[in-house]
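[1] here is a sequence together with a model predicted from it:
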Amino acid sequence: MDKINLLNKKFGRLLVIRDLNKTKNESAIWLCKCDCGKLKEAWRRIGLSHIKHGDKTTKNPARLYIIWISIKDRCFNLKEPAFKYYGGRGITICPEWKNNYLAFKKWALSSGYENNLTIDRIDHNGNYEPTNCQWLTKRENAKKRWSDNKYLYQTYMEGY
């Protein structure tokens, strides 16, 4: 499987600045720079994030952490292909979650997060925040998206 390019991706306080072209336990090693200025070697195994900076989480942390990073990318990373549908439309993430993975994790675990669920914004025009997010299966999320699009189409057609 091809190595994923993580250059210039931000993971919490760490910015990936260089591929070290080394491996550790079948994982690519990257050089990262922390917001505090320190350099740190971090590694990423295919499908799992092992980049740690003071947060030794438990019970499937990698997937939840990746979800959090993905939300932030969609809202703030201009190079993220989905940015135009999120941050480009003004969708953002609440201050409580923006720079605090542990706050997001606490909400997720107390709100029914499970490995087979995806995060969903209840109001697709609303922000990522505790009162506007829920966990759905991929099927439920696809059905909701279809229903939302059908409603938007009907509303659009009624306007003509």
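    Received it, and whenever you're ready, just let me know what you need. Residues are numbered from 1 along each chain as shown.
[2] now tell me which helix or strand of this structure has the poorest mean pLDDT.
    Ranked by mean pLDDT, DSSP states H and E, the helix or strand of the chain with the weakest confidence is strand 48-49, at a mean of 42.
[3] what about the residue nearest the centre of the chain, helix or strand, and which?
    Nearest to the mean C-alpha position of the chain, by C-alpha atoms, centre = their mean, lies S70 at 2.1 Å. If you go by DSSP states H and E, S70 is part of helix 61-76.
[4] elements contacting that helix?
    Taking 3 or more C-beta pairs under 8 Å, 6 or more residues apart in numbering; DSSP states H and E as contact, the helices and strands that helix 61-76 lies on are strand 10-11, strand 48-49, helix 95-98, helix 101-110, strand 117-121. Just so you know, the C-beta spots here come from the backbone N, C-alpha and C atoms, and that holds for glycine as well.
[5] could you check how far the third one is from the centre of its chain?
    Taking C-alpha atoms, centre = their mean, to the nearest Å, one finds the center of helix 95-98 at 13 Å from the center of the full chain.
[6] what mean pLDDT does that helix get?
    The average pLDDT for helix 95-98 rounds to 94.
[7] same check on the fourth one?
    Per-region confidence: helix 101-110 scores 91 on mean pLDDT.
[8] next, the buried residues of it.
    Buried positions in helix 101-110, judged by neighbour count with 16 or more other C-beta atoms under 10 Å: 101, 103-105, 107-108.
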